[in-house]
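Asker: Generate a structure from the sequence data that follows.
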Amino acid sequence: MMAVLSGIVRVSIPSPQGKQIVLADLSAGEVFGEIALLDGGNQPADATALTNCDLAVLSRRDVLPLLQQRPDVCFTLLAVVCQRLRESQEKMTDILFFNAPVRLAKILLRGAGRRRDEEEEGEPALKVAFSQRELGNMAGVRRERVNHCLREWQRRGLIALKGGWIVILKPAVLEEVVRRG
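Answerer: From the prediction side, this is the model:
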């Protein structure tokens, strides 16, 4: 298992067609590889550093005795596993029951929640730097569908595409897209 001390690590799995399905972007304080640590099996996902990262490697032989001695640490790790299960269930539900614009709006709002910029039209502008291919991989849709959604939202004044950033100009409208599902 690894703990992210600084930077951002993308966790993904390859599809049978060779695409990467993005599971999560993890930042400082988050861990990955917890399933392999607990069951001793292979790591089911790939991890890629998106930025310069500092990681702490926690080996199974060192952590398991700690978990046996410290139930509080065991429960903390169990909470991480449960949270990952909830996130996986939410992604499956999104893919099964929501259309591409709803899934994309959720991803943009979730990703942009970390970065606020200058005010635009009375609302804080939110920014994300995902490529259309990355957005497609996160939402489970083709890049062309992402392009269509982004261009439509840009035409409606909901977002702006500036210097590699997707700037969310009207987050309340995108939140309404998500609510209406």
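Asker: E134 and I107, how far apart?
Answerer: Computed as CB to CB, to the nearest Å, the E134 to I107 distance reads 9 Å. Every C-beta, even on glycine, is put in place using the N, C-alpha and C of the backbone.
Asker: Could you list the low-confidence segments of this structure?
Answerer: The model of the chain has pLDDT under 70 over residues 113-125.
Asker: which residues of it fall in strands?
Answerer: With DSSP state E as the criterion, the chain has strands at 2-6, 9-14, 20-26, 31-32, 46-49, 54-57, 116-120, 123-128, 159-162, 165-168.
Asker: any idea how the protein splits into domains?
Answerer: 2-97, 100-180 (automatic domain parsing).
Asker: Most tightly packed of those?
Answerer: Among those, domain 100-180 has the highest mean neighbour count (mean count of other CB atoms under 10 Å), at a mean of 17.
Asker: and stretch 75-82, how far out from the chain's middle?
Answerer: Averaging C-alpha positions (CA atoms, centre = their mean, to the nearest Å) puts stretch 75-82 18 Å from its chain's average.
Asker: in the protein, which spans are helices?
Answerer: Per DSSP state H, the chain carries helices over the ranges 34-39, 60-69, 71-97, 100-112, 132-139, 143-155, 171-180.
Asker: Mind giving me the packing neighbours of the third one?
Answerer: So the one you mean is helix 71-97. strand 20-26, helix 34-39, helix 60-69, helix 100-112 (3 or more CB pairs under 8 Å, 6 or more residues apart in numbering; DSSP states H and E).
Asker: and Q89, which of the ones you listed is closest to it?
Answerer: Evaluated over those, closeness to Q89 peaks at strand 20-26, with 12.5 Å, by CB to CB.
Asker: And the closest one, what does it pack against?
Answerer: Using 3+ CB pairs under 8 Å, 6+ apart: strand 20-26 touches strand 9-14, helix 71-97, helix 132-139.
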